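Trainee: Sharing a sequence plus its predicted fold:
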Amino acid sequence: MGLNRRGIREAAFLLIYERSFREDEPLENVFDNAREVDEFPFNDEVEAIVRGVDEKREELDEIISKYSNKRVISRIPKVNLAVLRLALYEAAYVESVPVNVAISEAVKIAGMYTFGPDVSFINGVLGSYSKSLNTEEK
């Protein structure tokens, strides 16, 4: 079954979130477990995004830390981190995804999986990141 762009993003988010609880294990274990449980579909494109986020996690977390004025990274809920890591990975490393689309999609995912203040926090971090890109370009 084919996944649309939103389905790919949501599946990637779920796997990135799962990974945050299993950082000491090989990433393949997360994929194998998800296949066994079979709660949601995912494909090679989803795996590529999750691998990319996993490889760039330190850089992504540095960006989150830079633009999270209110909370240090260790105090950010794992679900929020998963949304932020996915959005920033897409914005920074996936050329086919415009920054505003990555942010908009992240806010939609946050709206489904987090609480109101978390959505605002995520939107704020991503908005600050986006503004910094616009400033750098000028």
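Mentor: The structure has been received and is ready for your questions.

Trainee: Taking the centroid of this structure, which residue is nearest it?
Mentor: Centroid-nearest residue in the chain, with CA atoms, centre = their mean: L86, separated by 1.8 Å.

Trainee: Might one say that that one is in contact with L15?
Mentor: No - no contact is recorded between L86 and L15 when judged using CB atoms under 8 Å, the distance being 9.6 Å. Glycine gets a C-beta too; all of them are placed from N, C-alpha and C.

Trainee: low-scoring pLDDT stretches of this structure, where are they?
Mentor: Counting by pLDDT under 70, the chain contains low-confidence residues at 1, 136-138.

Trainee: just the helices in this structure please.
Mentor: 5-19, 27-37, 44-55, 57-67, 78-93, 99-113, 116-137 (DSSP state H).

Trainee: Most tightly packed of those?
Mentor: Mean neighbour count (mean count of other CB atoms under 10 Å) peaks for helix 78-93 among those, with a mean of 23.

Trainee: Packing partners of it?
Mentor: Contact partners of helix 78-93 among helices and strands, from 3 or more CB pairs under 8 Å, 6 or more residues apart in numbering; DSSP states H and E: helix 5-19, helix 44-55, helix 57-67, helix 99-113, helix 116-137.

Trainee: Among these, single out whichever gets nearest to N29.
Mentor: Between N29 and the helices and strands packed on helix 78-93, the shortest gap by CB to CB is with helix 5-19, which sits at 9.6 Å.
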